[in-house]
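Peer 1: here is my input; please provide its structure:
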Amino acid sequence: MSKEVSIIGAGIAGLTLAISLHTQGIPCAVYETRPEPQNIGGAVMLSPNSLKLFDDMGIYDGLKRLGYSFDSLYFRDLAGSLKETYPFGSVERHGYSGLRVYRFELIDLLLEKFNANNIPIHFNHKFSHVVSESEDTVTWQLVDGTTKTSSLLIGSDGIHSRVRKYMYPDLSPKFTGIAGITAAVPTANLKLPCPDYKMPVTIMSPSHGAFVIAPQKQDGSEVLIGKQMRMAELSREGWEKFYADKDAATAFLRENAEVFGDIAVTATEDIPHEHTNIWPFYVIPELDSWSSDNRRVLLVGDSAHAVPPSSGQGISQAVEDVVMLAILLGKGRGEKKDLGWWQSFRQNRIEQILLLNARIDRRRLPKINGSEEQDDDEQGFDLDWLYGIDAVTEVEKYVSGS
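Peer 2: This is a model prediction of the structure:
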């Protein structure tokens with residue numbers, strides 16, 4: 001079916017892209033390696049720039065019923081003094097509070113839209129390679145040997161994208177030298193400094209890094225706890241051992257907990273292994289193009305760029321990617337210059353967010369002796385540029401030439 005857009009990957013980016021294309025009247029289908037919908041990963045952060053787009057899709061009310069709403073993240077020193085406030089949303093300022101919701105719950109809401117709109121999704125279909133492409137179509141193959149022809153093939157298959165290998169066979173994700181270790185524990189376990197203690201909070205220590213606590217679930221009855229570490233990159237086998245060693249992960253979370261106070265000590269006393277996650281921070285070197293020479297193969301989300309979780313923008317940026325792309329294609333603007341504008345607009349956003357990530361990482365990692373890292377605490381966080389964007393309007397402005 002050559003008019004169909006084929007999307008590889010049924011993560012949040014792929015599902016959101018399919019719904020957005022359907023809204024534009026563009027037929028599409030999603031192909032996913034796993035045999036069933038993903039029920040992996042913990043809770044994710046969503047900010048006003050993506051929540052507006054989810055609202056347009058009709059799933060925001062469902063997200064709000066499931067997630068924990070908040071407006072700010074707080075940075076405190078070991079004495080408990082408030083050092084900085086990081087805005088994450090505001091109904092008055094940006095139309096939405098920030099939201100923390102489990103990834104699988106977001107995926108379930110997206111899949112409800114699939115069912116309601118009869119959008120095809122094929123599980124247990126693993127992409128193999130691109131066979132050929134012309135000016136109008138792309139032919140590609142699944143690992144079982146099935147060959148398909150589509151108008152477009154869009155890779156939303158993550159940071160280790162197989163689709164990207166077609167365009168960049170020698171490119172590999174780049175490890176940043178940072179990993180995050182997190183766990184989920186009941187909020188009732190925590191001994192709070194005071195009854196009205198504000199969270200999410202990052203408790204900072206110059207010599208020991210930071211201890212992060214972020215409520216999740218609609219009633220805030222559970223919290224994520226987490227710390228970041230500097231480390232060298234491991235081999236594939238090394239990462240597998242690292243992921244599997246939950247005892248080491250919980251030991252790292254407990255290490256120096258007393259430095260961060262009773263709240264950290266009580267948070268780490270009972271950590272279920274099944275609620276522990278290990279997340280190495282990888283990025284994608286900036287790509288020359290997110291589309292192939294004939295523009296029949298495109299990359300979105302983590303396949304095109306990767307945003308480590310420090311600023312909570314990974315999903316929001318992927319959603320911006322795909323909504324803007326779908327509107328552009330829906331208006332018949334898929335030529336080289338159009339895709340070039342889209343990539344440039346998106347890449348500029350990603351670069352700004354990676355700089356924001358670096359600022360946050362400096363607050364969450366132990367300071368290195370003799371480091372020339374600048375202390376930018378006095379700058380504060382003005383994030384109107386991040387939350388104030390209207391992705392739909394930006395495409396319409398481009399198309400109209402204004």
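
Peer 1: going by C-alpha atoms from here, please, whenever you check contacts or count neighbours.
Peer 2: Noted.

Peer 1: distance from the chain centre to the helix or strand harbouring residue 53, please.
Peer 2: Assigned by DSSP states H and E, residue 53 belongs to helix 48-57. Centroid separation for helix 48-57 versus its chain: 15 Å, with Cα atoms, centre = their mean, to the nearest Å.

Peer 1: run through who's touching it.
Peer 2: 19-20, 60-61, 88-90, 94-98, 315-317, 319-320, 323, 386-390 (Cα atoms under 8 Å, 6 or more residues apart in numbering).

Peer 1: do that again at 6 Å, thanks
Peer 2: Residues outside helix 48-57 that contact it (Cα atoms under 6 Å, 6 or more residues apart in numbering): 60, 89, 96, 316, 387.

Peer 1: ok, stretch 18-29 next?
Peer 2: Stretch 18-29 has contacts (Cα under 6 Å, 6+ apart) with 4, 5, 6, 120, 121, 323, 326, 330.

Peer 1: could those go into a markdown table alongside distance to residue 301?
Peer 2: Below are the contacts of stretch 18-29 laid out as a markdown table (distance: Cα to Cα, whole Å):
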| residue | distance to residue 301 |
| --- | --- |
| 4 | 20 |
| 5 | 17 |
| 6 | 15 |
| 120 | 21 |
| 121 | 19 |
| 323 | 11 |
| 326 | 13 |
| 330 | 19 |
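
Peer 1: if we can go back for a sec, how about the helix holding residue 53: buried residues?
Peer 2: Judged by neighbour count using 16 or more other Cα atoms under 10 Å, the buried positions of helix 48-57 are 48, 49, 50, 51, 52, 53, 54.

Peer 1: just to revisit the earlier point, got a quick ChimeraX command for the buried subset of the contacts of stretch 18-29?
Peer 2: In ChimeraX, a selection of the buried entries from the contacts of stretch 18-29 looks like this (16+ other Cα under 10 Å):
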select :4,5,6,121,323,326,330
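
Peer 1: returning to that earlier point: in helices, which of the contacts of helix 48-57 fall?
Peer 2: Among those, the ones falling in helices (DSSP state H) are 60, 316, 387.

Peer 1: per-residue pLDDT of the second one, please?
Peer 2: Listed pLDDT for residue 316 reads 96.

Peer 1: please name the nearest non-neighbouring residue to it.
Peer 2: Counting by Cα to Cα, 6 or more residues apart in numbering, residue 316 lies nearest to residue 50, which is 4.8 Å off, once chain neighbours are set aside.

Peer 1: same question for the first one.
Peer 2: With Cα to Cα, 6+ apart as the criterion, residue 60 has its nearest non-adjacent residue at 5.4 Å, and that residue is residue 54.

Peer 1: ranges for the helices of this protein?
Peer 2: With DSSP H, the ranges of helices along the chain come out as 12-23, 48-57, 60-66, 91-94, 103-117, 162-167, 236-244, 246-254, 262-267, 314-330, 336-364, 384-387, 391-400.

Peer 1: measure the residue nearest to the spatial centre of the chain to residue 44 for me?
Peer 2: Centrality entry for the chain: nearest residue to the mean C-alpha point is residue 314, 2.5 Å, by Cα atoms, centre = their mean. To residue 44, residue 314 is 9 Å away according to Cα to Cα, to the nearest Å.

Peer 1: ok, residue 35 next?
Peer 2: Counting by Cα to Cα - residue 35 and residue 44 are separated by 23 Å.

Peer 1: more neighbours: which of those two?
Peer 2: Set residue 35 next to residue 44 and count neighbours by other Cα atoms under 10 Å: residue 44 wins out with 20 against 11.

Peer 1: and the longest strand for this protein?
Peer 2: The longest strand of the chain (DSSP state E) is strand 174-186.

Peer 1: in that one, which residues are buried?
Peer 2: Residues of strand 174-186 classed as buried by neighbour count (16+ other Cα under 10 Å): 175, 178, 179, 180, 181, 182, 183, 184, 185, 186.

Peer 1: check stretch 129-142 too.
Peer 2: Going by 16+ other Cα under 10 Å, stretch 129-142 has these buried residues: 129, 130, 133, 137, 138, 139, 140, 141, 142.

Peer 1: which members of those are the farthest-apart pair?
Peer 2: Maximum pairwise distance among these (Cα to Cα): 16.5 Å, between 137 and 142.

Peer 1: spell out which residues make up each domain of the protein.
Peer 2: Domains of the chain are assigned by automatic domain parsing as 5-71+105-173+284-400, 175-282.

Peer 1: need these in JSON lines (columns: distance to residue 79).
Peer 2: Supplementary listing: these in JSON lines, determined by distance: least, Cα to Cα, whole Å:
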{"stretch": "domain 5-71+105-173+284-400", "distance to residue 79": "16"}
{"stretch": "domain 175-282", "distance to residue 79": "9"}
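
Peer 1: since that was my last question, I'll sign off now.
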